[in-house]
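K.L.:
Structure for this input, please:
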Amino acid sequence: MDREKQEYLQEKAINALLFDTSAETMDYKGFSEVCGIDAGDCSRDVFMMLSVIHISGETYDNMKFRRMDCDLIRFSVRNVLLELESSCGKQIVNSLSDNNQLYAIFFMEDEKRLRNEVERIFLEMRSVLEKRMNIYLTLGVSRYTLLLGRKSASEALGALKQRIIYGDSNLYFYEDTGIFSEQKFPVSQIHLLDSYLEKNEIHKIKNLLQEIFSEELMRKYGTPYLRIMWVRILNVILKHYDKKRKASSMEKLLMSFNLPDQIQSASEIQQRITDIIMECVRAEAVNDMNARSKIQMAVRYIQEHYSEDIAINDLAMSYGMSPNYFSSIFKAETSKSAVNYITELKVKKAQELLENSELSVVDIAKRTGYEDSQYFFRVFKKHTGMTPLGYREQNRM
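P.N.:
Just a heads-up that it's a prediction; the model follows:
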C-alpha cells in the first residue's frame, strides 16, 4: 500500500474513532495498529491525550496565506510536529470535517509527564511555525486516558472553546476549564505583561507578577495554577522574542520549561520567574540600544543613497534585523515608517531640484530613484498636492 493511501486510511479511521457515534473506544494497542506503530508487548498501560489543533485566523491576516492554502498549512504543521524531539509518542492527522483543524494524539506510559510533554511540544511548535512561516495555532487538549474515543474529542473541543474568551495562539487543557471559568482568573494581567514587555517597563512587570502570583490567587486555585500561569507567561515571552528573532534568548527560555517542577513554594517560583523576565528585559534593553544605533546608520545610508531603489527587507537584513523588527524600531526612532521616510526624502530632494535647476521632470525623477516618471508624478502630487511643473512655477514666481 502506498504511503498516501495509508495516510488517508489512518485519517479516516481516526476521524471515525473520534466522531462516529457507532465507533467504540480504542486502547493504545488498537490505536497503534491503525497507525502502523510498533506497540511492543503492551505489558504496561499507555496513556493518551487528544489535541485539536486549530489554525488561528491570524495566519491569514498577514496575507502570506489565503484560505485556500489550508492543505499547505496543515502539511507544514504535521511535518513540524513529527520532527520535534519528545519523550512521548505522537501521531497527527487532518480533520476531515474542518479544513482549519488537525488532530494530534500524544502517548506515553507516564501519565504525569504526558501533559508536560504536550506543553513543551506546543511551545516549540509555535516558536518554529510563527517565526519561520507565520502560522498561528491554538490547541485544545483532552484529559489523559487509556481509551481514546468520542469523549476525548468532546473534551478537546470543549477546551478549544476557551479561545473564544481568552484568545487564540494559546494552549487550553480540558482539566483546567474549572479554573478558567472563574471570573477572577488573571487574563487581563497576561495581556498587560505582553504590553509591558514590549515597552521594557520593568517596574510595572514586577508589580504585575506580584499580582499574578498573589496569595489570594494561590489559595483560590492551588498548585495547578502555577503550571498554567508559567506556560502562559512563557508563551508571552517567547512570542515577544519571536518578533525580534532572538534565537539564543528563546532557546534559554525553553530550557527553563520545567521550572515549576523544581520549585517548592509560590514565593520561590514568583522570584524565579521575575528573575528570568528581568534578565530578558535587561538583555533586550541592550539589544534595543544596539538596534537604535543601527537605525541611525540606516538613516544615514538612506540619505546618501536616496537616488537608488532601496528595498526595506534588504536594508533590514544588511543590519542583521528582521524586516518587522527593523520597521518597528525605525518608526520609534523617526516617528515615520521606513517607506514614508524614504518617500518624503525623495520628494524633498525633487523639490530642491525643481526650485534650483533646469532639469526636466523625467531627469529629476531618475535622480531621485524613480525610473517611471509617471509614478514619480503621482507620488509627488500625492505628497505636495501639486504637479512637479506646478510646484516649479509657483516657487519661481
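
K.L.:
SS state for residue 105?
P.N.:
Counting by DSSP: H, G, I helix; E, B strand; the rest coil, the backbone at residue 105 sits in strand.

K.L.:
Then residue 53?
P.N.:
Assigned with three-state DSSP, residue 53 falls in the strand class.

K.L.:
domains of the protein?
P.N.:
Per the TED database, the structural domains of the chain span 1-181, 185-299, 300-395.

K.L.:
The residue most central in space within the chain and residue 62, how far apart?
P.N.:
Residue closest to the average C-alpha location in the chain (Cα atoms, centre = their mean): residue 130, at 4.1 Å. Distance of residue 130 to residue 62, computed by Cβ to Cβ, to the nearest Å: 11 Å. Where C-beta positions appear, they are placed from N, C-alpha and C, glycine not excepted.

K.L.:
what's the answer for residue 319, then?
P.N.:
Noted for residue 319: a distance of 23 Å to residue 62, by Cβ to Cβ.

K.L.:
More neighbours: the two, which one.
P.N.:
residue 319 (16 against 11; other Cβ atoms under 10 Å).

K.L.:
and the more buried one, what is it in contact with?
P.N.:
With contact set as Cβ atoms under 8 Å, 6 or more residues apart in numbering, residue 319 has these partners: 294, 297-298, 326.

K.L.:
got it, and residue 62?
P.N.:
Applying Cβ under 8 Å, 6+ apart, the residues contacting residue 62 are residue 134.

K.L.:
helix/strand/coil for residue 92?
P.N.:
Strictly by three-state DSSP, residue 92 counts as strand.

K.L.:
what bridges to it?
P.N.:
Under DSSP bridges, the beta-bridge partners of residue 92 are residue 104.

K.L.:
Please report how far it lies from residue 277.
P.N.:
Taking Cβ to Cβ as the measure, residue 92 falls 33 Å from residue 277.

K.L.:
Could you identify the most distant pair in the contacts of residue 319?
P.N.:
Across the contacts of residue 319, no pair lies farther apart than 297 and 326, at 11.6 Å, counting by Cβ to Cβ.

K.L.:
More neighbours: those two, which one.
P.N.:
More neighbours surround residue 326 than the other of residue 297 and residue 326, with 23 against 12 (other Cβ under 10 Å).

K.L.:
list the contacts for the more buried one?
P.N.:
295, 298, 312, 315-316, 319, 338.

K.L.:
cool, and residue 86?
P.N.:
Shown in contact with residue 86 (Cβ under 8 Å, 6+ apart): 117, 120-121.

K.L.:
one more time with 6 Å
P.N.:
By Cβ atoms under 6 Å, 6 or more residues apart in numbering, the residues touching residue 86 are 117, 121.

K.L.:
Using the three-state scheme, assign it.
P.N.:
coil.

K.L.:
Hmm, residue 108 is touching residue 88, no?
P.N.:
Yes: using Cβ atoms under 6 Å, residue 108 makes contact with residue 88 at a distance of 4.0 Å.

K.L.:
anything in contact with each of the two?
P.N.:
Listed contacts common to residue 108 and residue 88 are residue 114; contacts here mean Cβ under 6 Å, 6+ apart.

K.L.:
Residue 100 versus residue 57, what's the distance?
P.N.:
Taking Cβ to Cβ, one finds residue 57 at 9 Å from residue 100.

K.L.:
Of these two, which one has the most company?
P.N.:
residue 100 (16 against 12).

K.L.:
Now do the phi/psi pair for that one.
P.N.:
phi -100, psi 20 (degrees, to the nearest 10).

K.L.:
Just give the nearest non-adjacent residue to it, would you?
P.N.:
In space, residue 100 comes closest to residue 55 once its chain neighbours are excluded; the distance is 4.3 Å by Cβ to Cβ, 6 or more residues apart in numbering.

K.L.:
what's the pLDDT at the one you found?
P.N.:
Among the per-residue scores, residue 55 holds a pLDDT of 93.

K.L.:
For residue 352, pull up the helix or strand it's in.
P.N.:
helix 338-356 (DSSP states H and E).

K.L.:
mind listing what's buried in that helix?
P.N.:
Counting neighbours by 16 or more other Cβ atoms under 10 Å, one finds that the buried residues in helix 338-356 are 338, 341-343, 345-347, 349-351, 353-354.
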